[in-house]
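Peer 1: what's the 3D shape of this:
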Amino acid sequence: MANKKLERQEREKIVTDMNEFLVTYAKSVLPADSNLAKQLYDAAHQDVTGLDSLFNDGGYGRKERYENIAQGFICDYYHIEPENGAEEKKELVKEAVRYLGRHEDQLNRWIKE
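Peer 2: Model prediction:
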């Protein structure tokens, strides 16, 4: 039971990190907007590749600011090699997008600080 709680806490930490890195990147490439987190969520909630169109960066933001962080966590925490962790990475990215949608206000406040 303690292991599941620890795993959940670690996943929440990495999901938070993923979204903070994504927001930081978005601030640097998108026009200032008071609801940047909503823009990100709207672009990613159907398919995370929607971020590519939003950023117009050929997938750099999605891959470097979202998926690579997820992949690093999976490799480190679960000891799964990248070529074997595609499904786990996909699930973690979905989890991060859901978190983004549920915490838009919190992330928008963080953006303004």
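
Peer 1: quick one: pLDDT of residue 29?
Peer 2: Note for residue 29: predicted pLDDT of 92.

Peer 1: for it, give me its contacts.
Peer 2: In this structure, residue 29 makes contact with 55, 57, 61, judged by CB atoms under 8 Å, 6 or more residues apart in numbering. For the C-beta atoms, the positions are set from N, CA and C on the backbone; glycine is no exception.

Peer 1: among the residues you listed, name the ones in helices.
Peer 2: By the criterion of DSSP state H, membership of the contacts of residue 29 in helices covers 55, 61.

Peer 1: any chance of the contacts of residue 29 in TSV, plus neighbour count and pLDDT?
Peer 2: Below are these laid out as TSV (neighbours: other CB atoms under 10 Å; pLDDT from 0 to 100):
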residue	neighbour count	pLDDT
55	21	96
57	16	96
61	23	93
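
Peer 1: out of the contacts of residue 29, who's nearest residue 6?
Peer 2: residue 61 (30.1 Å; CB to CB).

Peer 1: tell me how far the helix-or-strand element of the chain with minimal mean pLDDT lies from the chain's centre.
Peer 2: Every helix and strand of the chain was ranked by mean pLDDT, DSSP states H and E. The lowest is helix 104-112, at a mean of 81. Centroid separation for helix 104-112 versus its chain: 15 Å, with CA atoms, centre = their mean, to the nearest Å.

Peer 1: my read: residue 10 touches residue 77, true?
Peer 2: Yes - Residue 10 is within contact range of residue 77, at 6.1 Å (criterion: CB atoms under 8 Å).

Peer 1: which residues in the protein form strands?
Peer 2: Remark: no strands are assigned in the chain by DSSP state E.

Peer 1: what's the longest helix in it?
Peer 2: Under DSSP H, the chain gives helix 2-29 as its longest helix.
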